[in-house]
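In: kindly return the folded structure for what I paste below:
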Amino acid sequence: MVNISNDVEFIPLNIAVMVVSDSRVEADDKSGKMLVKLLTETGHKLADKTFVPDDIYEIRAAVSAWIADPEIHAVITTGGTGLTGRDVTPEAMKVLYDKEIEGFGEIFRKLSYDLIKTSTIQSRAIAGLANGTVLFTLPGSPGACKDGWNMIIQHQLDFRHQPCNLVQMMPRFKEK
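Out: As a prediction, the model looks like this:
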């Protein structure tokens with residue numbers, strides 16, 4: 001059960017979405033489109049969306065620009081979290097963190113286990129904080145993006161969620 005406080009107002013966040021793939025483009029992107037649909041339906045704003053190849057340095061460069069932008073509150077990446085040689089998103093992201101949010105990956109895999117059983121061991125979903133920006137790294141499947149958003153991310157990016165949420169950690173919203 002989700003506990004939403006009616007004593008505080010919803011704060012729409014500016015969220016950037018990155019699709020990490022060597023082959024996807026806007027025309028055949030399902031996961032990025034799913035995330036954009038879910039975050040905007042919830043009341044948040046799409047700040048930016050980009051496609052980046054499975055390259056550690058291109059991922060870091062794009063995410064670093066968002067981290068440095070005070071108008072971007074959260075970043076969600078999709079793709080590149082598997083175990084193949086080209087899957088490098090977690091390695092690209094972890095060095096950018098000021099703090100890792102270990103519980104995100106743990107909860108994501110627990111919830112995923114309930115749906116896909118032991119296949120979830122191949123997921124390297126992670127999250128962290130960098131310069132007051134929350135960074136979520138999700139697998140590339142639309143189902144994983146939908147589940148990650150619906151079961152975890154949307155609640156943690158809702159200022160009304162009690163007893164705590166990640167918006168309260170963002171320096172620009174601490175006094176609200």
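In: use CA for all of it now, contacts and neighbours both
Out: Fine.
In: tell me, how many residues neighbour the residue lying closest to residue 98 once chain neighbours are set aside?
Out: Sequence neighbours aside, residue 130 is the residue nearest to residue 98 in space, at 4.9 Å (criterion: C-alpha to C-alpha, 6 or more residues apart in numbering). A count of neighbours around residue 130, defined by other C-alpha atoms under 10 Å, yields 20.
In: from memory residue 156 sits against residue 168, does it?
Out: No: counting by C-alpha atoms under 8 Å, residue 156 sits too far from residue 168 to count as a contact (9.4 Å).
In: distance between the host helix or strand of residue 114 and the chain's centre?
Out: Secondary structure from DSSP states H and E places residue 114 in helix 102-116. On the basis of C-alpha atoms, centre = their mean, to the nearest Å, helix 102-116 sits 14 Å off its chain's mean C-alpha point.
In: isn't residue 138 right next to residue 75, touching?
Out: No: taking contacts as C-alpha under 8 Å, residue 138 lies outside contact range of residue 75: 10.7 Å.
In: so for the two, which sits in the more crowded spot?
Out: Between residue 138 and residue 75, counting by other C-alpha under 10 Å, residue 138 is the more crowded of the two (31 against 24).
In: now residue 108: how far from residue 149?
Out: Per C-alpha to C-alpha, to the nearest Å, residue 108 is found 10 Å from residue 149.
In: cool, residue 169 as well?
Out: 19 Å.
In: out of those two, which sits in the busier spot?
Out: Set residue 169 next to residue 149 and count neighbours by other C-alpha under 10 Å: residue 149 wins out with 22 against 14.
In: where does residue 85 sit: helix, strand or coil?
Out: Secondary structure, DSSP: H, G, I helix; E, B strand; the rest coil: residue 85 is coil.
In: swap that for residue 146, please
Out: Of the three states, residue 146 takes helix according to three-state DSSP.
In: count the neighbours of it for me.
Out: 18.
In: isn't residue 49 up against residue 25?
Out: No: Residue 49 is beyond contact range of residue 25, at 11.4 Å (criterion: C-alpha under 8 Å).
In: the more surrounded of those two?
Out: The neighbour count for residue 49 versus residue 25, taken as other C-alpha under 10 Å, is higher for residue 49 (18 against 14).
In: can you tell me the strand partners of the strand or helix carrying that one and which way each runs?
Out: In this structure, residue 49 sits in strand 45-52 according to DSSP H and E. Partners of strand 45-52 in the sheet, by DSSP bridges, are strand 14-20 (parallel).
In: nothing else from me, thank you.
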